[in-house]
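>>> here's my sequence, what's the structure:
(chains A, B, C and D)
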There are 4 protein chains.
Amino acid sequence: MCFDHFASSLPKYCLSPSFPLSPHLFRNLGKSGLRVSCLGLGTWVTFGSQISDEMAENVLTIAYENGVNLFDTAEVYASGKAEKTLGNILKSKGWRRSSYVVTTKIYWGGQAETERGLSRKHIIEGLKGSLQRLQLEYVDIVFANRMDANSPMEEIVRAMTYVINQGMAMYWGTSRWSSMEIMEAYSVARQFNLIPPVCEQAEYHMFQREKVETQLPELYHKIGVGAITWSPLACGLITGKYEERVPENCRATMKGYQWLKEKLQSEEGKKQQAKVKELHPIADRLGCTVAQLAIAWCLRSEGVSSVLLGVSSTEQLIENLGSIQVLTQLTPQVVQEIDALLGNKPNTKKESRA
Amino acid sequence: MCFDHFASSLPKYCLSPSFPLSPHLFRNLGKSGLRVSCLGLGTWVTFGSQISDEMAENVLTIAYENGVNLFDTAEVYASGKAEKTLGNILKSKGWRRSSYVVTTKIYWGGQAETERGLSRKHIIEGLKGSLQRLQLEYVDIVFANRMDANSPMEEIVRAMTYVINQGMAMYWGTSRWSSMEIMEAYSVARQFNLIPPVCEQAEYHMFQREKVETQLPELYHKIGVGAITWSPLACGLITGKYEERVPENCRATMKGYQWLKEKLQSEEGKKQQAKVKELHPIADRLGCTVAQLAIAWCLRSEGVSSVLLGVSSTEQLIENLGSIQVLTQLTPQVVQEIDALLGNKPNTKKESRA
Amino acid sequence: MCFDHFASSLPKYCLSPSFPLSPHLFRNLGKSGLRVSCLGLGTWVTFGSQISDEMAENVLTIAYENGVNLFDTAEVYASGKAEKTLGNILKSKGWRRSSYVVTTKIYWGGQAETERGLSRKHIIEGLKGSLQRLQLEYVDIVFANRMDANSPMEEIVRAMTYVINQGMAMYWGTSRWSSMEIMEAYSVARQFNLIPPVCEQAEYHMFQREKVETQLPELYHKIGVGAITWSPLACGLITGKYEERVPENCRATMKGYQWLKEKLQSEEGKKQQAKVKELHPIADRLGCTVAQLAIAWCLRSEGVSSVLLGVSSTEQLIENLGSIQVLTQLTPQVVQEIDALLGNKPNTKKESRA
Amino acid sequence: MCFDHFASSLPKYCLSPSFPLSPHLFRNLGKSGLRVSCLGLGTWVTFGSQISDEMAENVLTIAYENGVNLFDTAEVYASGKAEKTLGNILKSKGWRRSSYVVTTKIYWGGQAETERGLSRKHIIEGLKGSLQRLQLEYVDIVFANRMDANSPMEEIVRAMTYVINQGMAMYWGTSRWSSMEIMEAYSVARQFNLIPPVCEQAEYHMFQREKVETQLPELYHKIGVGAITWSPLACGLITGKYEERVPENCRATMKGYQWLKEKLQSEEGKKQQAKVKELHPIADRLGCTVAQLAIAWCLRSEGVSSVLLGVSSTEQLIENLGSIQVLTQLTPQVVQEIDALLGNKPNTKKESRA
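Now for the predicted structure:
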């Protein structure tokens, strides 16, 4: 059997013998008891917009049947359509609720200026809206999609605790918060006996390392907060598809992604693409693609509980899932070789002079 | 488009280009995360009594379509009919629940002497009654409509925390409490880890300044409590409509408003009407009405989150909403000129002799 | 016997049969258990400066022997000399420590800018200095002599709790703090399980009524804070000694008291002196002096635990102590008559309109 | 008079009219109530080792008489001899205890491996040892000289609270802790109602900016922790004395300071020395030395409560104290010019992409 969700049905897609994710490739989310697959499926840009609902269903099904139990979305993705698409698929599939983990994010929801942020009102109303679109009784983790400087931390943590106590979510987490902000949330939770966050969602890839490699491990050790990371391929940069030129019909030419095109064509963007080229020999040696290498490289990082994949086709998903096998090949020597090539390893050494 | 609630429908009433309220005219309620329009619509005296349900609907619709998101009522207004009227309109309109903020007040509710006050029993039963009349699952803020010396503060704060934790309200506030009483509520909330109040509703206009200008700012700075103010036109006194004589068919001749007539005809009332006359040249210079000037004057005050309007016609509402434009014209010089004219600026100087 | 401190010695001075203070003229300090005489002896301006140490001893002795058990001083009075004088007398007298209550105040102490305020450092060091000068192991109440906006309330309340837990003081209080500040201190004490203040020292006399008559009773009822008041004769204004002109060799001509002279000669000062003249007939009718009437008038106020006397001679003290007998004559009618004369009775009525 | 500690004695050294430190050059330590001079005197390397006890006394006396009230030491400095020297001088001088602030640091104390760290045992025993060497009843601030990963945070914060409640210290702080660690301490203090730290000691100079400029301000705003900084001249690098070559008989050739010599001769060290040369024209224009410019530059930083000076002669101290006058000349333009020259201004921009 190549999956462990169902004991009684055959998967449509069955990958190579190493699939589905072997049991030791489930990880606890931070120090919480929640078990998540180390690869998760994101819906950003894709569900409800870039890909058809049929493709979304195919992608989700393959992921699920190969052991991926973590599906991430947000109220803001495609103005709510990402949640609707995900909800429809989950409903039509009829998978056991306990066999998957759904996470969503609250911040930008309604159209009006007053219907966003991390006020108690928007956290509760926003999550209610998400649950309706998802057709779910609860999500597993509700994330604050960014910090809201205009809402007091006590109000945020009380509201998160409320939605958990109401059964609308199992846990809560943060997305793109600074370590200080997460510690403040923890502090307020301890002071008022509320529920602290269990996870931070952070961008992480070969060209964005600082936070996940230096700050989050400290948070993990101190207060148990885990990391779910996104954009392992740097919005496609690391796939090499932009190496020659920015092709038409890719994300970088989509409406609203002008910034990505500009970034790719910047001085720094060009340097990064040059480094990506240098990754090819390593990937070849390990018998994998550069994308698989880049995803496996994220997984190797201490404190990363899960890496979210963003895919627009079943082929891409299947390729990405292959990164699991690459992980075991990432010996300290290989990791060191990549670090040398990238030249951006953050300094985690502590000063020690008296 | 002159509003931001709907992306897909045309408003019936579209005011001048500066409408609807521009985004910077939303304010956080005190230090809470809740965003409210700086002008709110009150239902006191009007909904369910002075005006027809049709007029109430017209007024509410214009307000909403021009960006007003705060609607205030109370269980006692028109013996519950104000809540019923408001609830019926909200239901028939079908606006998104998250696009507006409904507040009600609990104290006098049932007919019997035992069915009032701030006992746990009446706070919970009273609010349940309000929610039924409003046909809402929850209000955004539930206010204690006055202090109840016969209910212990601990009981009040526990009951308020209970209705919030039950999902019947998002926040709680106080109405016409003394600063001391609000601090006591805060103190009790801190001592027992309950939820502190976020807002005080207070009367505020040119002839009633002390509390809002001297006491509430201190509360705001110390514990984050904001102010929603009412009666910006001093029950009509500042509109100038009583300047010649008390006309028939105005509020001052309504049943139960004998006190207003007496107040207007008192020595002090006459002095105040004389001062209102002196405001005319200033209003003329700014190109606005005295009522608009008086409302804008309330909005200029530090710590005022929203000013509640009480209107009996659409014309009056549209005129009142125009005060927003006047606000930007209230330079320190103009404010100083008005202060000199009124001669009642409260002293906020602290004693300093050793 | 005309005192109750000693069962075995004769008093040097024995006043009329009603002395010493009859037992019911001891009052609890606020809602604390501490019993204080309703008249206390202050040392401001007098001890260590205006009067000789011999006179100070005479005054203190007469006070003590006539039942006064409350002696108030401050580190700043006469740059510490008031405390030294008081301490020397107490030591030489050898009265039981338990038979009197000594209070001091901390804020201005050392000469340097860094050696003042309500930092933990200055509260502890300041009080240590006071205890050395007083030659006492502990004071009964240590007061924060004014608010210090640069010290966080948590630090102040923790330091006050510390000195109490170290046995350096029995209780702590505030002096010239606003009601809001006292409530904040109470709130912090409740939040962190520290010791709240028991008493506020406030100026109170016929021409300064607002705080003691309207704000402190509310604090008393809510959190048990009592009032010790000072300056019952408005720095001598109410004795009538300034009625004709400001005499030489009185406090108003002392170095550093230019402000008092100016106040007396101001428009308001003259009006107040006119009112003092009108008190004479009332005093005559009651068979007492205007000063006695003024002190008794302070004692009649709800929530006043003790009135501090500031005297520079034994005659003055004996006269002042006589105010106790006047107190029983202050019928509601007489109080009303004085209120009418003064015309400054603060409004304590609560608004009650719905 | 050029100081305010003594009213009755003449200072030995009287600097230019702008001395002693003018009152506005005292700062509160973080948000605590403690007032410290913005320049403090460190004893690292100097007291008990590099300089004679006589020179130490001269230096301390000049500092004190010119308004410096902050003296910093550590149990580890010169194996306890720094504390002994400081204690002897303070005792012989007989200055009022309240007129100065003594801080020490605990971590490395005893000779044995078991007699160090931040166990409850070593915090208490270590501080007792320090107090004996200093011949003081208490220090004003006790610092944890580094984090101790082997001691639980709860144990550390409980021990620090204990020594404060025992009267052995007024406040506690951290030295070279990460922001995360400080937040964890704060968190634990709030959870268990213990006393949170008030201050972090951090290295800060033109070539080490990150922590003090980006992390500590956030801590200051969130939890009130202030910064005392050390090494304003980067161990002498910024004085320019190493510009030509490393001279004999300087700190860089002292036993145990091989690392400094190596650092100076490294590639980075040479670049930094080149930048120091470029500072000369700016210093010349402001009429000050490069060292004075560098110290004033530290003082300009938001959240820096005090900068510790390390001097080995009276001339050096007097020169360093002159930096106070330079501070007022550090206009935004000059600061910008220096930033441009250094090219290492930390980025404090927050990410904002949705």
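
>>> tell me which helix or strand in chain A has the weakest average pLDDT.
helix A:258-265 (a mean of 78; mean pLDDT, DSSP states H and E).

>>> what comes up buried for that one?
Neighbour counts over helix A:258-265 (16 or more other Cβ atoms under 10 Å in any protein chain shown) mark A:260-261, A:263-264 as buried. Placement of C-beta: from N, CA and C, glycine included.

>>> out of those residues, which comes closest to chain B?
Distance ranking of those against chain B, using Cβ to the nearest Cβ, places A:Leu260 first at 26.3 Å.

>>> hmm, the closest one is touching A:Cys235, no?
Yes. Applying Cβ atoms under 8 Å as the test, A:Leu260 and A:Cys235 come out as touching, 5.6 Å apart.

>>> what is the neighbour count of A:Ala227?
27 (other Cβ atoms under 10 Å in any protein chain shown).

>>> so who does it touch?
Listed by Cβ atoms under 8 Å, 6 or more residues apart in numbering or on different chains, the contact partners of A:Ala227 are A:30, A:199-202, A:204, A:212, A:216, A:220, A:303-305.

>>> those, buried ones only, as a ChimeraX selection?
With 16+ other Cβ under 10 Å as the criterion, this ChimeraX line picks the buried residues out of the contacts of A:Ala227:
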select /A:30,199,200,201,202,204,212,216,220,303,304,305
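
>>> so what touches whichever helix in chain A runs longest?
Under DSSP state H, the helix in chain A containing the largest number of residues is helix A:267-286. With Cβ under 8 Å, 6+ apart as the test, helix A:267-286 has contacts from A:206-207, A:234, A:237-238, A:240, A:242-243, A:263-264, A:289-290, A:292-294, A:326, A:329, A:334, A:337-338, A:341-342.

>>> strand partners (parallel or antiparallel) of the helix or strand harbouring A:Asp140?
Element membership for A:Asp140, per DSSP states H and E: strand A:139-144. In the sheet, strand A:139-144 lines up against strand A:101-106 (parallel), strand A:169-175 (parallel) (DSSP bridges).

>>> next one: the helix or strand following it to chain centre, how far?
On the C-terminal side of strand A:139-144, the nearest following helix or strand under DSSP H and E is helix A:153-165. Helix A:153-165 sits 23 Å away from the centroid of its parent chain (Cα atoms, centre = their mean, to the nearest Å).

>>> residues near A:Glu137, how many?
Neighbours of A:Glu137 (other Cβ under 10 Å): 9.

>>> residue contacts, it?
So A:Glu137 contacts A:97, A:131, A:167 (Cβ under 8 Å, 6+ apart).

>>> got phi/psi on it?
phi -80, psi -30 (degrees, to the nearest 10).

>>> now it: how far from chain C?
37 Å (Cβ to the nearest Cβ, to the nearest Å).

>>> now do A:Gly173
Here the criterion is Cβ to the nearest Cβ. By it, A:Gly173 lies 28 Å from chain C.

>>> surely that residue and A:Val198 touch.
Yes. Applying Cβ under 8 Å as the test, A:Gly173 and A:Val198 come out as touching, 5.8 Å apart.

>>> residues that sit against both of these two, list them.
A:141, A:225.

>>> the two: which is more packed in?
A:Gly173 (27 against 23).

>>> give me the distance between the two termini of stretch A:135-148.
27 Å (Cα to Cα, to the nearest Å).

>>> next, the buried residues of that stretch.
Those would be A:136, A:138-148, for stretch A:135-148 by 16+ other Cβ under 10 Å.

>>> need the residue closest to the centroid of chain A.
Residue closest to the average C-alpha location in chain A (Cα atoms, centre = their mean): A:Leu308, at 3.3 Å.

>>> not counting sequence-adjacent ones, nearest residue to A:Glu154?
A:Val188 (5.4 Å; Cβ to Cβ, 6 or more residues apart in numbering or on different chains).

>>> what angle do the least confident helix or strand of chain A and helix A:267-286 make?
70 degrees (axes from the mean of the first three to the mean of the last three Cα atoms, to 10 degrees).

>>> within range of chain D, give me the residues from the stretch 201-350 of chain A.
By Cβ under 8 Å from any Cβ of the partner chain, the residues of the stretch 201-350 of chain A that approach chain D are A:215, A:218-219, A:222-223, A:259, A:350.

>>> excluding chain neighbours, what is closest to A:Trp108?
Counting by Cβ to Cβ, 6+ apart, the residue nearest A:Trp108 is A:Val76, at 4.1 Å.

>>> for the least confident helix or strand of chain A, C-alpha coordinates in PDB please.
Provided in PDB are the C-alpha atoms of helix A:258-265 (Å, rounded to 0.1, in the frame of the first residue of the first chain):
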ATOM      1  CA  GLN A 258       4.900  42.500 -11.700                       C
ATOM      2  CA  TRP A 259       7.100  42.600  -8.500                       C
ATOM      3  CA  LEU A 260       8.300  39.100  -9.200                       C
ATOM      4  CA  LYS A 261       9.300  39.900 -12.700                       C
ATOM      5  CA  GLU A 262      11.200  42.900 -11.500                       C
ATOM      6  CA  LYS A 263      12.900  41.000  -8.800                       C
ATOM      7  CA  LEU A 264      14.000  38.300 -11.300                       C
ATOM      8  CA  GLN A 265      15.500  40.900 -13.500                       C
END
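
>>> now it: how far from the chain's centre is it?
For helix A:258-265, the distance to the chain centre is 22 Å (Cα atoms, centre = their mean).

>>> and the helix or strand where A:Gln325 lies, average pLDDT?
With secondary structure defined by DSSP H and E, A:Gln325 is part of helix A:323-327. Helix A:323-327 carries an average pLDDT of 94.
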